[in-house]
Structure formats: C-alpha cells, structure tokens
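[1] What follows is a predicted structure for the sequence shown.
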Amino acid sequence: MNIHFTFHPERCVGCGACVMACINENELDITKQLPFRLLKKNEYGDGDTLSITWFVHGCMHCREHPCMDACPKSCFFVDRETVTVQLDNSGCVGCRRCAQACPYEAIRQNEKRASKCDGCRRRLRQGQLPLCVLACPRQALTVNEKNRVVADGLRALRKELAEYHQGAVQ
Amino acid sequence: MGIEIRKSICRVCSRGCPIDVEIKNEEIRQITPSNPQNGGQLCALGYAYKEYVTRPDRIRTPLRRVGERGSGQWESITWEEAYREIGDKLLKLRAEYGADTVAFYTGYTKWYRPVYQRFVHSFGTLNYGTESSACHQSYRMASELNFGVLTTPDIPNSDLFIGWAYNPFYSGNSQGNPLEEFRERGGRVIIVDPKYTPAAKLADIHLRPDPGTDGALAHFFGNYLIQHGKTDEEYIAAYVHGFPEYKRYVRKFTLEKTAQITGIPEATLLTAAELIADSPVFSINISGAAIPHHTNGMQNCRAIQALLAITGNFDREGGNLPVEYPVDALNLKVEWDKFVDETRPLSEDGSGYQNSVAWHKKNPGFRAEGRKTCKPKIGSGRFPLWAQVVDEFQSMDLSRQILEGTPYPIRAVFALGMNRRMFLENEKLMEALGKLEFFVDVDVFWTDAAKLADIVLPACTSVERAELVCSGPTVRYVSPAIKPLYQSKSDVDILCELADRMELADPLLRRGYEAIVRHVMMKIGITFDDLRSSGAAMKIPGKEPYRPGKSLQLGLRTPTGKIELYSETIADIPEEYGLNPLPTYRDSLPRKGKNEYPLTLVAGSRISTRFHSRFNGVRASDYFRAVPSAELHPLDAQTLGIRQGDAILVTTPTGTMRVHAELTKAAKRGTVFMFQSYADEADVNRIIDGNHLDPYSGFPGYRTVRCKVEEEQAV
C-alpha cells in the first residue's frame, strides 16, 4: 500500500460528507477539537460571473511531509505498511512548528498537543478506504492516484487555500 | 466478541439508503453505506446517523404527565398502562362526541403512514393529517390537476433538462446526479434558483428569479413558445384541455413585464427562451418544497408543468413520464392504497377526496355501501381544493380549529412526532395544544410539543425495527439491526398494539405488522418468507417496461381524461373561494410593507448537514453551523453595516428572530436565506404570519416573507 491523498476542487460540492465521516469515525468531540478535514469555500466574481469553489483540507499524507522535518521531538513517522504519515503525540511539547510547516493546514491542537488525521489506518489495514474518501459522493477526495494526479490535485488545493487567506477574492 | 455487519436502511429522509451497521457487543460501532464497491453511497447526514440514533435526548419510557401541562413532571408507566389510558380516553371521547373530535397527526417520516391512516379510518374519522401539509403535496396537487398523476423527468433521453430549484447535491444523495453525464452527451441544462448552488455551477444557464415569481417566468416561456410557433399543435388538439384560454392568459407575460416581475435581465430571459424553443424534447424537475412554498406556489407548479403540455413533453420519451399508470395491471405494486381504503369512512356531506372524479377513476371497484360516515376533515371549509385532491386534512388549519372550535370542536390530538418548528407563528400551535382535553405524542426525541403532552410514548429508529421497504419496482424486508433502545418501540407496533387494546373493529390491524405486510404483498408474486429470509431487495416479477404515450392513449385520471390547463376540478369549487382554473400568476410576496420591510426572507433553504430539526444537538452536524445563521449578500450586509458573523435581528411584521450573519454571494441581492427548525429565538417559522397560506393548497408561504435586518446592538 502506498497511500497519498489528493483533492480535486472542481468536483467538490461542499456537502460536508467527508467532514461528517471524519468526526464520526474518530469520534471527535468537536466542542474541544476541530475535525481532521475542514470544509471551506472561495467565492469568485458576483452576479452573472459568480463561481464558488468548495474545498476540504487536512493531512494529505504527502511524500514531502514537512511536518516531520519541522518537529524537534521526532513525533512523526511514516507507517511502513501504508506509507501514511503518522503522529505519536506523547512526546509533543506543543511548539506548533509542524502546524506552521504544513502547507495543507492539517495539524490541529488538542489539549495543547498536536493532533492530525491518521489516514484511517484501522480501515486501511482491513482493506477499506479511509472513511472521508469513501464518503465523498463526488470522488473529489481520493487516494492511490498516479503521481501526476496527486501533484496536480495538491497544487490546486494549495491555490484555493492561498486564495482563501487573501480574503474575499474578486 | 468480534464485529458483525448487519444490513439496514438509513431513514434520515424518505429515501431509505441501504446501510451496513457495524455491531460490536450489541452496540453500533459505525454506519457505512452498503455495497460501496457498486456505487452505494450515503449523504453527509448518513455519516451522522449513528449519533442521531443515540441522541442523548431520546425518550426512554412511556410517560404520564403528573404536574401542570408543560411543567416537565412525569412518571414512568408501563406500555400496558399507557395503552389502557389512551384507549379508554379516546373511546370515551368517541362515544360522547363522535370520532371526529380526535385529530390524528404525524410528522416526518413516512414509512408507517398507511398503517396509521388505516388506524384512523378504523377509529372512524377522516381527521388524518401529516407534515405533508407543508411538503410535496402541493406539488402533487398541481401534477394531479394537470395530468392526473405525478411525473418524473426522463433526463437521459432529453435534449434539455430544466431543474426548477433543483440541487441534488444538498438534498438526497449527490452521487445519483445525472447532470455531468447528461452534459457530456450533449444535453443542455437550465437551473432556475435564486440561490447559487453546485447544480447551478453545472448549468448552461442559471436563472435567478426573485423568490416566488416562478409562475411568471414559466408563462413568459409559454408565451414565447406560442409566439414562435414552437408548440406541438397536434398533441395539443388531441390531449390538452383549455389551451385557448391558456394562450390568451399568458399573452400578458411579455419580455419587459417578466423581467420586471422576476428580476431577471431581459437578455438572460431571451437566451433561456431561445434554448427552450430550440430543444423540442425537454424534461423538468420541480422541487416539491421550494416551488410550492409560496402563497401562489401550487399555481406556479401548474404553470411550469404547462410547458410540458404545450410542447408535447408529457408522457413522451425524453419528457416527463407518469409514475403510475391508468391501468392497474401496468402498476403491479404492494397494495398499500387498498389497505388504507378497506376501513375508510365517508364524509357525510359528500365532500372530500373519496368523492372526487380522480378518486373514482382510480378506484373503480370502490363500494360506498355499508361504510360509516363522519364529518368533513379539518380544513375542508377553508381549503376546499386541498380537501378534494389530497387524502389528508390540511394541518395548517389545525390550531385555528382547536382554538375557535369551528366548524366543530377538536378535543384531543394523537400525534406521531408533533413538531412545532414546521408551523407558522407556532406559538399558536403551542397554545392550541395546551388547551386540549387530551394530547398524546409519540416521538423518538423530546420536542417542545412532546413536553405539552398528557402521555408521551418512545418510538425507535430504523435500525431498531422491521420495515417493508417499497422502492420503485423492488421490495425489501429489513429486519432490526439492534434491539430497540430503552423501552422504545416501532411506530407500527405501537399502532397495532393500541388498536388491539382498544378492540377496534379491524382484525387485520390488531394482528400486527407482519400480518399486514403479508396481506399487502399478496399479489406481487414474492412470498413474505422468501423476502424476509433474503433480506435483500427483490424485484417484483412480471412488471413490464412502460411504453411512453400509453397513459395519454388510455385517458388520464382528470375529469376530462386530458391534460387540464383549464382544471375542471378547480372550476367545480364554489366561486366565493376565488380559485382560478387556469394556472394563474399572483405575487407571493405581500404587497404591503415594502418600505419598512425591504428584504425577502426565504425560510427553509436547505443546507446539506441538517434535515428538519432531526440533527439539533448532533455534534457532527452542529459543527457546520455552530450558531444559527441567516445568509445575506455581502453588499446588502455592507449597506446595513453588518459584518460576517455579527449577531443580527431579522424582523417581520409578525416578530423578530436573533441569529448570526453568514455572508455569501450565493444569496441573491435583496434576499435572506434561513434554514428552518432551529429552536427558540432562531426559529424562523415563528416569525411568519400564520395566515400567510396558499388559498389553493393551504401551504405555508415560507419563502416569500417581507423582513428587515439590523445589527443587534450590544446592550
């Protein structure tokens, strides 16, 4: 298995199924911590020219894993079986360098420790798709794509995140 | 103990998507779609179904009120005590005042409704009402008046698909959306919606009319097609009743006038009209909620459907096809309709559905002799067209009848899921329920209405019960995945057990759900035992594929047997009601108050992560809109000095709600979109005039309400 996530903004409709699935699978208490995937949107133009792009971001289990390089306590590792990026936060000191390094804004804080998506490792080991990927009715969130598809998708996602931070895009 | 997968269905909405319930130690570990490899999918809500089933506010035992009404003081009682007390009281009221003094009501969902309606009939009244008084039935009325039947768009064979308030991505399961494949094969798409949606993003043309002006837009297209010789004259001559009157009427919907009414620029109107004129074969999907939810909503639906009639696109390949056929042999289905009719009483004054032409065309074998009679159902005097076309009372008149006692007093309400959130100006409903002599509410969760009941009974969810699922040409018998939580029971078991303890003169009902299912599926050629042991959906054998055109050829179930642009059913309604047999257009937004209330409030605009009030308190769902928010265009907000997330007051002539501002350009300028079903101060239906109703259908005009918005001043 060689699991890398990617995202196709043109297919996303902002329904939130992936986020619902994430909360449910991980039994997250959303009063205390954000889901591992977050849904956002960019609104381009207005009136007749209006176009809305929805996107979700979270850990893409990327090959570069800058989180791992940034962590001073070696909390991150690559799971040999699935090649997903894993975090053991028992040694986390809460310095947030991983979060700053991640281009997909995937690292959340939970009780002052880093926390992130584990790629649904439990499901992967049972031969099942990560639940957010299964949940997407539009195949906007996928795994196991060709390298170029992964790279294109990640670039598109970074672009939407950048636009989002620029604020109201015209 | 390992993990076991049991098959069930999700019943968040009426769709009933198949689910795999992962069970560990007799508890639900996870819910996922069945057969994901073959395209099985759930919507966002399906992934919160586990949390829904285990909501902490589930009603756990039968309860009897001990304190003042609404004081929240209860004592647990046994099911037998509850049945005895309810049965004694209902039978006593029936003996003293007649069966009609009890109103039987049900909220969402729909699966048990035939059993419930039969229960009501066996009790001896037609006072059976549902939440469909505000959902789907108005659209159904339009379709029945025009075509005698509901229709479905045959999109794959169309040249053009018109989605009128169509957004499958947020209602239902978006995987089944046909738009992209249709467009790849050269199909064209028009989406009509004041709001920008994912479906609008996939359209060739997105028309954004002001809310409630759909009828005028349709008439403009009708007029344009007539003026440009794009109608099907042969088809009209053979199958359409009232075309000359229609043609005369739509003449006034000129380009200029329609642009003014709808707020759509003239150039855009023309582009859309040209596309329709260039597409001889088109189909239309009309939202059963968004389009009817206006005070001219039923007629707007008829106006849209008229486009199918004048172009020959009803009952034609690639147009809209009937979902039921005029000959019973073509239908071959589980006989729920007959089951409901077997104990049906008749209205003593001859009014009502069972006396209409459509009814007699549908039920040629119906025998009136020997049937009990009862009073006309609730709302008959106020909404006579509804009373005749729909086999339910119009529940928008329930509070009034309870409070005023006219035309006859209602002393008790027995309800499965009474939810105040659906009702306009719903303080009145609460007041009415509070005045009843006896009120029973059966529900899965605590609601404001349940808190007013004398007896509260706990119902269970779909994973805890057995259910016969009828879907298209298939049937499936779903067995419970887990035992009912706490002391809850399946709604049908509650009804059958109550019928038994009351000794209603209905042996079949008293024998329980399994006996009923065996009875209704007698003629489909599958045995109950085979169906139950298979657990899978089985196709009803011998059902021939339908050949388009057959219904027209055999004659429709309308009074004239034709498509009625001039409705003879409406023409029969006494003149004093002022109902027009043509699909006339009227503004739904009240004329008065434009200066004080310059914005249009659209209540009930769907979001993908909630459904009615069912997900209130479900954390996965609450995450998406942590605070109740109304959607406004950023430029409107700017004028009002409102920023994203600000606390705002939305005020109508009826009241004020406190919510937050969600700024989005998806909202058309001048409109405020608000999801319904939030509690208390954020309940949008609370601030809509209780008389803001469609005179044809009685439907609430949720989506055209005058309002103003201001920032809430810090105190």
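    Received it, and whenever you're ready, just let me know what you need.
[2] my read: B:F147 touches B:G555, true?
    No: at 11.7 Å, B:F147 and B:G555 do not qualify as touching, with contact defined as C-beta atoms under 8 Å. Placement of C-beta: from N, CA and C, glycine included.
[3] of the two, who's got more company?
    Shown here are B:F147 and B:G555; by other C-beta atoms under 10 Å in any protein chain shown, B:F147 has more neighbours (25 against 14).
[4] tell me the contacts of that one?
    Listed by C-beta atoms under 8 Å, 6 or more residues apart in numbering or on different chains, the contact set of B:F147 reads B:305, B:314-315, B:322, B:556, B:558, B:563.
[5] Distance check, it against B:I563.
    6 Å (C-beta to C-beta, to the nearest Å).
[6] for B:I226, same thing?
    Distance from B:I226 to B:I563, by C-beta to C-beta: 16 Å.
[7] hey, where'd the helices end up in the stretch 551-700 of chain B?
    Using DSSP state H, counting those that start in this stretch, the helices of the stretch 551-700 of chain B run over B:568-571, B:619-622, B:634-640.
[8] Buried residues, the longest one. List them.
    Within helix B:634-640, the residues that qualify as buried by neighbour count (16 or more other C-beta atoms under 10 Å in any protein chain shown) are B:634, B:636-637, B:640.
[9] Pairing partners for the closest residue to A:G45 other than its chain neighbours in the sheet, please.
    Residue nearest to A:G45 in three dimensions, not counting chain neighbours: A:S51, with 5.7 Å by C-beta to C-beta, 6 or more residues apart in numbering or on different chains. With DSSP bridges as the criterion, A:S51 is bridged to A:Y44.
[10] same thing with the one 4 residues further on?
    Beta bridges link A:F55 to A:K40, judged by DSSP bridges.
[11] Burial check on it, number of neighbours?
    24.
[12] For chain A, what lies in contact range of chain B?
    Contact residues, chain A versus chain B (C-beta under 8 Å from any C-beta of the partner chain): A:13-17, A:19-21, A:23-25, A:29-31, A:35, A:39, A:43, A:46, A:48, A:50-52, A:54, A:129, A:131, A:134-135, A:137-138, A:168.
[13] Of those residues, grab the buried ones for PyMOL.
    To isolate the buried ones among these in PyMOL, judged by 16+ other C-beta under 10 Å, type:
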select buried, chain A and resi 13+14+15+16+17+19+20+21+23+24+25+30+35+39+43+50+52+54+129+131+134+135+137+138
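[14] Quick check: mean pLDDT of stretch B:343-357?
    Mean pLDDT, computed over stretch B:343-357, is 88.
[15] what's the spacing between that stretch and its chain's center?
    23 Å (C-alpha atoms, centre = their mean, to the nearest Å).
[16] how about that stretch: buried residues?
    With burial defined by 16+ other C-beta under 10 Å, the residues of stretch B:343-357 counted as buried are B:343-347, B:351-354, B:356-357.
[17] What are the contacting residues of it?
    B:99, B:118, B:121-122, B:124-126, B:359, B:366, B:368, B:371-377, B:380, B:384, B:387-391, B:505-506, B:509, B:558-559, B:568-569.
[18] Mind checking which of those are buried?
    B:99, B:118, B:121-122, B:124-126, B:359, B:374-377, B:380, B:384, B:387-391, B:506, B:509, B:558-559, B:568-569.
[19] roughly how far is stretch B:694-714 from the heart of the chain?
    Mean C-alpha position of stretch B:694-714 versus that of the full chain (C-alpha atoms, centre = their mean) differs by 19 Å.
[20] in that stretch, what counts as buried?
    Neighbour count says stretch B:694-714 has B:694-709 buried, by 16+ other C-beta under 10 Å.
[21] Which member of those residues is positioned nearest chain A?
    B:V709 (19.4 Å; C-beta to the nearest C-beta).
[22] Does the closest one touch B:D646 like I think?
    No: the criterion here is C-beta under 8 Å, and B:V709 misses it with B:D646 at 10.1 Å.
[23] what's the overlap in contacts for those two?
    B:A661.
[24] Show me what residue of the stretch 251-400 of chain B gets nearest to chain A.
    B:T268 (7.7 Å).
[25] so that residue sits in a helix?
    Yes: the assignment for B:T268, made by DSSP: H, G, I helix; E, B strand; the rest coil, places it in a helix.
[26] Excluding covalently adjacent residues, which one is nearest to it?
    B:L207 (6.6 Å).
[27] Quick check, B:V323 in contact with B:P153.
    No: counting by C-beta under 8 Å, B:V323 sits too far from B:P153 to count as a contact (10.9 Å).
[28] Tell me which of these two has more neighbours.
    B:P153 (23 against 13).
[29] pLDDT (mean, whole number) over stretch A:31-45?
    The model assigns stretch A:31-45 a mean pLDDT of 94.
[30] swap that for stretch B:610-618, sorry
    89.
[31] how about that stretch as CSV, C-alpha atoms only?
    C-alpha atoms of stretch B:610-618 as CSV (Å, rounded to 0.1, in the frame of the first residue of the first chain):
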residue,chain,number,x,y,z
ARG,B,610,-29.1,19.2,8.6
PHE,B,611,-32.5,17.8,8.0
HIS,B,612,-35.6,19.4,9.6
SER,B,613,-34.8,19.5,13.4
ARG,B,614,-33.5,15.9,13.4
PHE,B,615,-29.9,16.9,13.8
ASN,B,616,-30.3,19.5,16.5
GLY,B,617,-27.8,18.6,19.2
VAL,B,618,-26.0,16.1,16.9
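[32] That stretch near chain A anywhere?
    No: applying C-beta under 8 Å from any C-beta, one finds stretch B:610-618 separated from chain A by no less than 9.6 Å.
[33] what's the offset of that stretch from the middle of its chain?
    Taking C-alpha atoms, centre = their mean, one finds the center of stretch B:610-618 at 17 Å from the center of the full chain.
[34] Only the buried residues of it, if you could.
    For stretch B:610-618, by 16+ other C-beta under 10 Å, it's B:610-618.
[35] Next: stretch B:618-633.
    Buried-residue list, stretch B:618-633, by 16+ other C-beta under 10 Å: B:618-624, B:628-633.
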